[in-house]
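Participant: Here you go, sequence then predicted model.
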Amino acid sequence: MHELSVTQGIVEMISDRVPNQRVLTVNLTIGQVSGVAPHAVRFCFDLVAAGTVAEGARLHIDTPPGRARCRSCGQDDFVIDTPLPLCGCGSADVEVIGGDELTVASVEVAAKPKGMRK
Amino acid sequence: MCVTCGCDGDARPRIVGPVDPVRRGDDPVRRDKDERDPARADGRHAGHPGPGDRPAIVPSGRGLAGAQLVTLEERVLAKNDAIAASNRHWLAHQGILAVNVMSSPGAGKTTLLERTIRALNAEWPIAVVEGDQEGVLDADRIRASGAPVVQVNTGDGCHLDAEMFDRGLRTLPLAPGTLVFVENVGNLVCPALFDLGEGARVVVTAVTEGEDKPAKYPRMFASADLVLINKCDLLPHVDFDAAACERHIRLASPRAEVMVLSARTGEGLSAWYGWLRHRRGHREAEISACSTHHHHPHPPTDPTDSLSASAPVESSAP
């Protein structure tokens, strides 16, 4: 159940990057073979965000599909749905090239009142 | 709280120990604050932008009126991975091989380490970072086998992360050239995701667990440099298809080595010791290659200690 510490990392990072602002929306990218379950992040988020700049923020999660290439037969860029993919040729020597992202893409913050530092 | 295991987010990991090193009286090399990398010495989190690197703020094209979109594009594990990189760098300079040992609870990690310490401690200083949710039971066993140990209690956390490992390393008395084992929290899911800065990852599975574990927990096995199939002394008593197990491991990790052994009886352990020695050889080769080109800013605190022979990083420096 690493999603709790992953979510803590997300909120900590946002608090570092946009301190003293009110975060309205958090846009995450959690790839389908990243090893992190989006629903568990969602479950933890409100609790972890309480008392931080992200308290009450809306959570938007993009979940790009897994993609891989085969080192045996050279087949490039096919879709996978497991971190343990097999190529159509039967080889397990497969390199994951996408869908393993785990990033905070962006946040939407409330516009600052006039006079505050940009 | 956490939907899967009930983690409590407020529970901070605790470091218990160090349990005193009974064997060696030499002056340990400790990781002091000034040995941290520059990004950390000034109090910033490693890998995190400083105050001068504020992200660009642009008016948001969506959402609430007046909202601004701030592009971050920052990896969530960046902080962990930066601390892991710092650990890896420091360990390499000290000539310390760190081996992260992971398995489900009860696969035999502690018994394997006890036996390994008893077998190798005379030729190679060994220290252990113990990860458990609670208690010092494993640390007591490790200490009794003769190695200094620090227990990290993760509270309700389910894995060790790079920062906990860093704190453990700072607590342990570590001479250059030491072999550091990390006994991770017994868990076949979460520890796979967290790089600690270790030099090698070993996954232990036991014949009592069934041959399908590598198929059911592929991410863990995919991260392994070596898979140990433990408790082979129980093979006559359990239905365990070793060939199928190895096939599942190969699917998860085509490059991992696989060994069958029994930490209880000692069967197959010489291959495991050989693997560790081979890894040490690699590390020493890397270090002597490196030390012919670079000056090392942190010489050993006591060059006359009995461990200097296993610390080529310093002894071969120009």
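Facilitator: Perfect, I can see it now.

Participant: Now do the strands in the stretch 1-150 of chain B.
Facilitator: Taking DSSP state E, counting those that start in this stretch to define them, one finds strands in the stretch 1-150 of chain B at B:14-19, B:57-59, B:67-75, B:97-103, B:126-132, B:149-153.

Participant: closest to residue A:9 out of those strands?
Facilitator: Proximity to residue A:9, assessed across the strands of the stretch 1-150 of chain B by Cβ to Cβ, is greatest for strand B:67-75 (9.5 Å). In this view, the C-beta of every residue, glycine as well, is placed from N, C-alpha and C.

Participant: Which positions within the closest one qualify as buried?
Facilitator: By neighbour count, with 16 or more other Cβ atoms under 10 Å in any protein chain shown as the criterion, the buried positions of strand B:67-75 are B:67, B:68, B:69, B:70, B:72, B:74, B:75.

Participant: Might one say that the first one is in contact with residue A:107?
Facilitator: Same thing as residue B:67. No - in this structure, residue B:67 sits apart from residue A:107 without contact. The criterion is Cβ atoms under 8 Å, and the distance is 9.7 Å.

Participant: Need the overlap of contacts for those two.
Facilitator: Common contacts of residue B:67 and residue A:107 (Cβ atoms under 8 Å, 6 or more residues apart in numbering or on different chains): A:24, A:25.

Participant: So residue B:262 sits against residue B:229, correct?
Facilitator: No - counting by Cβ under 8 Å, no contact exists between residue B:262 and residue B:229, whose distance comes to 9.6 Å.

Participant: Neighbour count for the two, which is higher?
Facilitator: For residue B:262 versus residue B:229, neighbours defined as other Cβ atoms under 10 Å in any protein chain shown are more numerous around residue B:229 (27 against 22).

Participant: The residue nearest to that one when sequence neighbours are not counted and chain A, how far apart?
Facilitator: Of all residues beyond its chain neighbours, the one nearest residue B:229 is residue B:260 (4.6 Å), with distances taken as Cβ to Cβ, 6 or more residues apart in numbering or on different chains. From residue B:260 across to chain A, the span is 21 Å (Cβ to the nearest Cβ, to the nearest Å).

Participant: Now do the contacts for residue B:260.
Facilitator: Under the criterion of Cβ under 8 Å, 6+ apart, the neighbours of residue B:260 are B:228, B:229, B:232, B:242, B:268.

Participant: State the distance from the first one to residue A:14.
Facilitator: What it means is residue B:228. For residue B:228, the distance to residue A:14 (Cβ to Cβ, to the nearest Å) stands at 40 Å.

Participant: So which of the two has more stuff around it?
Facilitator: With other Cβ under 10 Å as the criterion, residue B:228 and residue A:14 differ in neighbour count, and residue B:228 comes out ahead with 28 against 24.

Participant: Determine the three-state secondary structure at the residue nearest to that one when sequence neighbours are not counted.
Facilitator: For residue B:228, the nearest residue in space outside its immediate sequence neighbours is residue B:204; the separation is 4.8 Å by Cβ to Cβ, 6+ apart. When classified by DSSP: H, G, I helix; E, B strand; the rest coil, residue B:204 comes out as strand.

Participant: dump the residue contacts of residue B:204.
Facilitator: Contacts of residue B:204 (Cβ under 8 Å, 6+ apart): B:101, B:102, B:103, B:107, B:108, B:109, B:112, B:227, B:228, B:230.
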